[in-house]
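> sequence first, then the predicted structure, then my questions.
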Amino acid sequence: MCPACGARRDWLLINQGRHVWIRCRCSHQWLEPEITGTDYDALISTPDGTTYASVAEGLLALGYDGSFAGAYLE
């Protein structure tokens, strides 16, 4: 559950080496110590291959910049 808004799903997982971060649509982000980089790799079978010029650009393009705060996408 997102500690900022209470959302229970529709999160972005960000793998940075040994650490996996979870980002909510409200733009809150936290380290998830129970998910390892290996766990992440096992979850992602085929990456979409899109490359963004910056993390901020990627978050904006994917809707994790706070624009969809409070909304669940189906």
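That came in fine, so what should we check first? Quantities reported herein were computed from a predicted structural model and do not represent experimental measurements.
> ok, which stretches of the protein are strands?
For the chain, the strands defined by DSSP state E occupy 12-16, 19-23, 29-31.
> pick the most buried one from the ones you listed.
Across these, the average number of neighbours (mean count of other Cβ atoms under 10 Å) peaks for strand 19-23, which reaches a mean of 17. C-beta coordinates here come from the backbone N, C-alpha and C atoms, glycine included.
> residue ranges with poor pLDDT in the protein?
Where the chain drops to pLDDT under 70, the residues are 46-48, 72-74.
> the residue most distant from the middle of it, which is it?
Within the chain, Ala53 marks the point farthest from the mean C-alpha position, 17.1 Å out by Cα atoms, centre = their mean.
> show me the contacts for the residue positioned nearest the centre of the chain.
Centroid check for the chain by Cα atoms, centre = their mean gives Leu12 as the closest residue, at 1.8 Å. Counting by Cβ atoms under 8 Å, 6 or more residues apart in numbering, Leu12 makes contact with 22-23, 59, 62, 64.
> quick one, which of the strands of the chain gets closest to Gly70.
strand 19-23 (15.1 Å; Cβ to Cβ).
> which strands and helices sit next to the closest one?
Of the remaining helices and strands, those touching strand 19-23 by 3 or more Cβ pairs under 8 Å, 6 or more residues apart in numbering; DSSP states H and E are strand 12-16, strand 29-31, helix 37-43.
> the same query, at a cut-off of 7 Å, please.
strand 12-16, strand 29-31 (3 or more Cβ pairs under 7 Å, 6 or more residues apart in numbering; DSSP states H and E).
> just put the strands of the chain in TSV and tack on distance to Ser45.
Converted to TSV, the strands of the chain look like this (distance: least, Cβ to Cβ, whole Å):
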stretch	distance to Ser45
strand 12-16	13
strand 19-23	16
strand 29-31	24
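> right, and these - which one's nearest Ala4?
strand 29-31 (8.8 Å).
> got the contact list for that closest one?
With contact meaning Cβ atoms under 7 Å, 6 or more residues apart in numbering, strand 29-31 is reached by 3, 19, 21-23.
> which pair of those residues spans the longest distance?
Greatest spatial distance among the contacts of strand 29-31 (Cβ to Cβ): Pro3 and His19, at 17.4 Å.
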